[in-house]
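> Here is my input; please provide its structure:
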Amino acid sequence: QVQLAESGGGLVQAGGSLRLSCAASGRTFSRRVMGWFRQAPGKKEREFVAAIMRTGGSTDYADSVKGRFTISRDNAKNTVYLQMNSLKPEDTAVYYCAASSKIVVVTTSYEYDYWGQGTQVTVSS
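Next comes the predicted model:
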């Protein structure tokens, strides 16, 4: 069982930055692929944002955030991060952290087994 808790969301102006954190419980964190997804207002589906391999050696990003967002992890702290720079109003969403038992980086929500409660990110124009 893995429990995930996101933090770091808030209100920021366009062009600004935020750093999201996701703290995980349990001893299996280092064996899990970790991902970030987001759900924009009025959207039913959660959109893939970024994912990172268990050792942090491989990452993947949605085209919409490449070059602006960076995912990283600290296995000693059981924490994964999402550094978000050059934020745009269209980045406004609830951001979710997720954990997968897959052995490769995965980008679809159904491949993730555990989810956090989400943290709101609002970018004003």
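
> so where do the strands sit in this structure?
4-7, 10-13, 18-24, 33-39, 47-52, 59-61, 69-74, 79-84, 93-100, 114-115, 119-124 (DSSP state E).

> need those strands in CSV with mean pLDDT, mean neighbour count and distance to V106, can you?
Backbone N, C-alpha and C define where each C-beta goes, glycine included. Below are the strands of the chain laid out as CSV (pLDDT from 0 to 100; neighbours: other C-beta atoms under 10 Å; distance: least, C-beta to C-beta, whole Å):
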stretch, mean pLDDT, mean neighbour count, distance to V106
strand 4-7, 97, 18, 16
strand 10-13, 98, 13, 28
strand 18-24, 97, 20, 16
strand 33-39, 97, 25, 6
strand 47-52, 98, 23, 6
strand 59-61, 97, 17, 8
strand 69-74, 97, 18, 13
strand 79-84, 98, 23, 14
strand 93-100, 97, 23, 6
strand 114-115, 96, 18, 13
strand 119-124, 98, 17, 21
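
> I'd like those strands as TSV, with distance to T108 appended.
Shown next, in TSV, are those (distance: least, C-beta to C-beta, whole Å):
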stretch	distance to T108
strand 4-7	18
strand 10-13	28
strand 18-24	19
strand 33-39	10
strand 47-52	7
strand 59-61	11
strand 69-74	16
strand 79-84	18
strand 93-100	10
strand 114-115	13
strand 119-124	21
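
> can you tell which of those is closest to T107?
Using C-beta to C-beta as the measure, strand 47-52 is the one of the strands of the chain that comes nearest T107, at 4.5 Å.

> Direction included, what does that closest one pair against?
Applying DSSP bridges, strand 47-52 is found paired with strand 33-39 (antiparallel), strand 59-61 (antiparallel).

> how much space between the residue in the chain sticking out farthest from the centre and E90?
Within the chain, the residue lying farthest from the chain centre (C-alpha atoms, centre = their mean) is S125, at 22.6 Å. Counting by C-beta to C-beta, to the nearest Å, the separation of S125 from E90 is 10 Å.
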